[in-house]
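K.L.:
with the input below, show me the fold.
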Amino acid sequence: MKPVLCYKISLPLPEADAKVRESLKARGFGILTEVDVTETLRQKLGIETKPYKILGACNPPIAHAAMQAEAKVGAFLPCGIALYEGDSPAETVACLQNPAVISEVFDQPGLRAPADEALSKLDEALREVGTAA
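P.N.:
Numbering: from 1, shown residues only. Okay, the predicted model is just below:
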């Protein structure tokens, strides 16, 4: 099982970010956290990097079902999505932490259904704006 699933989006990062958020929202996900890695590295280390952002996506009903099955799973939430510049400024790569990995790590049968649902919706959202890489 792949721990990370990636998708190529034929848009610069700002536009890809907006499309990803829109597609996630249509599937019940909100963004709880956002880290502008580029700005953080610039501020903290004086390093210039290609555009890179990390989003923490959450679908409350799925998260609730997962935490009901195993309270410790909260340490793995929200679902992380990395967005970074691809081979050119006109391409963005979106990488998603695979929710199925969580159900395997905890070996808790009750996590399988929420993990499968999260993976299905996240994959659908990212395929709407890009192609699997």
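
K.L.:
contacts for the helix or strand bottoming out on mean pLDDT in the chain, please.
P.N.:
Sorted by mean pLDDT, DSSP states H and E, the helices and strands of the chain end with helix 99-106, the least confident at a mean of 89. Contacts with helix 99-106, where a contact means CB atoms under 8 Å, 6 or more residues apart in numbering, come from 1, 3, 66, 70, 72-73, 76, 79, 111-112, 114-116, 118-119, 122. (Glycine included, C-beta is placed from N, CA and C.)

K.L.:
list the buried ones in the helix or strand following it?
P.N.:
Next in sequence after helix 99-106, counting helices and strands by DSSP states H and E, comes helix 112-129. Judged by neighbour count (16 or more other CB atoms under 10 Å), helix 112-129 contains these buried residues: 114-115, 117-119, 121-123, 125-126, 129.

K.L.:
next, the angle from helix 112-129 to helix 99-106.
P.N.:
160 degrees (axes from the mean of the first three to the mean of the last three CA atoms, to 10 degrees).

K.L.:
which elements pack onto helix 112-129?
P.N.:
strand 4-9, helix 13-25, helix 60-69, strand 79-85, strand 92-97, helix 99-106 (3 or more CB pairs under 8 Å, 6 or more residues apart in numbering; DSSP states H and E).

K.L.:
make it 10 Å
P.N.:
Helix 112-129 is packed against strand 4-9, helix 13-25, strand 52-58, helix 60-69, strand 79-85, strand 92-97, helix 99-106, with contacts defined by 3 or more CB pairs under 10 Å, 6 or more residues apart in numbering; DSSP states H and E.
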